[in-house]
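# next come a sequence and a model predicted from it.
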Amino acid sequence: MSEPQPRGAERDLYRDTWVRYLGYANEVGEAFRSLVPAAVVWLSYGVASSYVLADAIDKGKKAGEVPSPEAGRSARVTVAVVDTFVWQALASVAIPGFTINRVCAASLYVLGTATRWPLAVRKWGTTALGLLTIPVIIHPIDRSVDFLLDSSLRKLYPSVRKPSSS
């Protein structure tokens, strides 16, 4: 998951526990796309999107609980919700889902043209490759989304402390 927590630090339900893995549901769904009905893949996106929304709401609530002048509270909550939602939507759903989809589609195509393996073997091979790709892409995508948001959206709110996204 993430770096070890310093003593006394509050555990983040959405980033430091098993709940974090719900954000990867759509990647698993994409890996299994060739073997399961499309509704199962869409359900996996529903699970991952629910995780994104719940994390954004949680970060907004936490930002609202920080003692400070009331004037800055609304801006802090808005920044926390928007930043978390955009970061999670890109890093946990959109980019990895697209990446796994394309890896699996390409591997199924290549296996279909380069081998005479039965379709079931090609589909399971594609699924295995998709599942094995997930841990490889997570950190590069997270860092890329950090860079993208630091270079764009986060420039709109430089005076408010950047929410911790990963």
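Noted; the coordinates are in hand. Numbers count the residues shown, from 1 in each chain.
# measure the residue located most distally from the centre of the chain to Gly130 for me?
No residue in the chain sits farther from the centre than Arg116, which is 35.6 Å out by CA atoms, centre = their mean. Noted for Arg116: a distance of 22 Å to Gly130, by CB to CB, to the nearest Å. Quick note: C-beta positions are derived from backbone N, CA and C, even for glycine.
# can you count the residues close to Arg122?
19 (other CB atoms under 10 Å).
# look up how far Tyr51 lies from it.
In this view, Arg122 and Tyr51 are 31 Å apart by CB to CB.
# so where do the helices sit in the chain?
Taking DSSP state H, the helices of the chain run over residues 25-31, 38-65, 70-88, 95-114, 119-151.
# residues of the longest one that come out buried?
Looking back up the chat, that one is helix 119-151. The neighbour-count check on helix 119-151 (16 or more other CB atoms under 10 Å) flags 122-123, 125-127, 129-131, 133-134, 137-138, 141-142, 145-146, 148-149 as buried.
# still on that earlier bit, now render the helices of the chain as TSV, adding mean pLDDT.
Shown next, in TSV, are those (pLDDT from 0 to 100):
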stretch	mean pLDDT
helix 25-31	97
helix 38-65	96
helix 70-88	89
helix 95-114	97
helix 119-151	96
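# could you redo those as TSV and give each row distance to Trp18?
TSV is the format used below for the helices of the chain (distance: least, CB to CB, whole Å):
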stretch	distance to Trp18
helix 25-31	12
helix 38-65	11
helix 70-88	17
helix 95-114	18
helix 119-151	16
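# so Ala91 touches Pro140, yeah?
No: checked against CB atoms under 8 Å, the pair Ala91 and Pro140 is beyond contact range at 10.3 Å.
# now the residue nearest in space to the middle of the chain: how far from Arg73?
Residue closest to the average C-alpha location in the chain (CA atoms, centre = their mean): Ser92, at 0.9 Å. Distance of Ser92 to Arg73, given as CB to CB: 27 Å.
# repeat that for Ser152.
In terms of CB to CB, Ser152 sits 25 Å off from Arg73.
# please identify which of these two sits among more neighbours.
Set side by side, Ser152 and Arg73 show more neighbours around Arg73, with 15 against 10, by other CB under 10 Å.
# gap between that one and Ala31?
Here the criterion is CB to CB. By it, Arg73 lies 42 Å from Ala31.
# again with Asp83
Distance, Asp83 to Ala31, by CB to CB: 29 Å.
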